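In: whatever this is, show me its structure:
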Amino acid sequence: METAATAFVRAHTTPGPAPFVPEVTLHQARDAFGLWEQTERVHGGGVVCPPPFWAFAWAGGQALARYLLDNTGLVAGRDVFDLAAGSGLVAIAAAKAGAAGVAASEIDGYAAAAIALNAAVNEVSVAVHLDDVLDRDRVAASLVLAGDVFYSAELARRVLAFLDRARAAGATVLVGDPGRAYLPRERLALVASYRVPVSRALEDADVKEATVWRLAG
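Out: You can find the predicted model right below:
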């Protein structure tokens with residue numbers, strides 16, 4: 001039986017290609033703020049829900065997904081972990097690029113449902129973990145990915161510590177970012193840059209410069 005979260009995602013999104021990664025189909029919404037209001041209405045009681053990051057293809061994730069699909073040799077045969085996966089775009093791109101196994105983490109139940117739906121429509125396998133993994137010592141993956149995660153100071157601090165532990169354990173760590181305020185550029189090596197089409201309602205622009213970085217020591 002379909003869960004309430006899965007039914008909600010189906011009811012408020014339409015499957016279609018990601019703008020910069022048309023190889024990947026995502027359940028996407030048209031109205032970010034309207035959808036956000038709908039999620040809070042479902043919960044009721046004045047509950048503040050996280051924004052529906054899962055319903056859109058964000059610029060950093062699109063850049064990272066594009067990079068993976070254009071550089072499949074980096075991915076093929078590896079175990080991949082996608083942190084704060086949102087719609088699952090990056091995880092799905094990794095699966096399409098030939099990863100041996102792909103896991104995606106999220107703390108939002110709607111996002112977990114969206115990732116599962118999106119993986120199914122793309123006919124790939126992604127293991128979805130509904131859990132805050134940022135305090136874990138490490139994850140079992142040789143390639144760790146993070147798109148659009150450096151948008152607040154506290155989250156950036158926790159994410160960077162997690163990614164540092166993954167790198168120290170031997171993983172390659174790649175980050176996709178469209179110029180968020182808390183991106184730790186001093187710790188990163190640039191590997192690719194793209195001009196990515198985005199929603200003006202979300203980014204106040206039609207195109208964003210989005211970059212892919214490798215976490216250095």
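
In: for this structure, which segments are assigned as strands?
Out: Listed in chain order, the strands of the chain (DSSP state E) span 14-18, 21-28, 79-83, 101-106, 127-130, 143-147, 172-177, 188-197, 207-215.

In: can you put those in JSON lines and add mean pLDDT and mean neighbour count?
Out: Bear in mind the C-beta positions are built from the backbone N, C-alpha and C, glycine included. Output for the strands of the chain, formatted as JSON lines (pLDDT from 0 to 100; neighbours: other C-beta atoms under 10 Å):
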{"stretch": "strand 14-18", "mean pLDDT": "97", "mean neighbour count": "15"}
{"stretch": "strand 21-28", "mean pLDDT": "98", "mean neighbour count": "20"}
{"stretch": "strand 79-83", "mean pLDDT": "98", "mean neighbour count": "26"}
{"stretch": "strand 101-106", "mean pLDDT": "98", "mean neighbour count": "25"}
{"stretch": "strand 127-130", "mean pLDDT": "97", "mean neighbour count": "17"}
{"stretch": "strand 143-147", "mean pLDDT": "98", "mean neighbour count": "27"}
{"stretch": "strand 172-177", "mean pLDDT": "98", "mean neighbour count": "26"}
{"stretch": "strand 188-197", "mean pLDDT": "97", "mean neighbour count": "16"}
{"stretch": "strand 207-215", "mean pLDDT": "96", "mean neighbour count": "21"}
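
In: how about low-confidence regions in the protein?
Out: 1, 43-50 (pLDDT under 70).

In: output the longest helix belonging to it.
Out: The residue-count maximum for a helix in the chain (DSSP state H) belongs to helix 153-168.

In: tell me which residues touch the residue nearest to A141 when sequence neighbours are not counted, please.
Out: Excluding its sequence neighbours, the residue lying closest to A141 (C-beta to C-beta, 6 or more residues apart in numbering) is F81, at 3.7 Å. Going by C-beta atoms under 8 Å, 6 or more residues apart in numbering, F81 touches 102-105, 139-141, 143-145, 166, 171.

In: hang on, the earlier thing: how about residues contacting the longest helix of the chain?
Out: For helix 153-168, contacts defined as C-beta under 8 Å, 6+ apart pick out 81, 83-84, 133-139, 141, 144, 146, 149-150, 173, 175, 182-184, 187, 215, 217.

In: who are the contact partners of G60?
Out: Neighbours of G60 in contact, by C-beta under 8 Å, 6+ apart: 147-149, 175-178, 180, 210.

In: try 10 Å
Out: 86, 90, 146-151, 175-180, 183, 196, 208, 210-213 (C-beta atoms under 10 Å, 6 or more residues apart in numbering).
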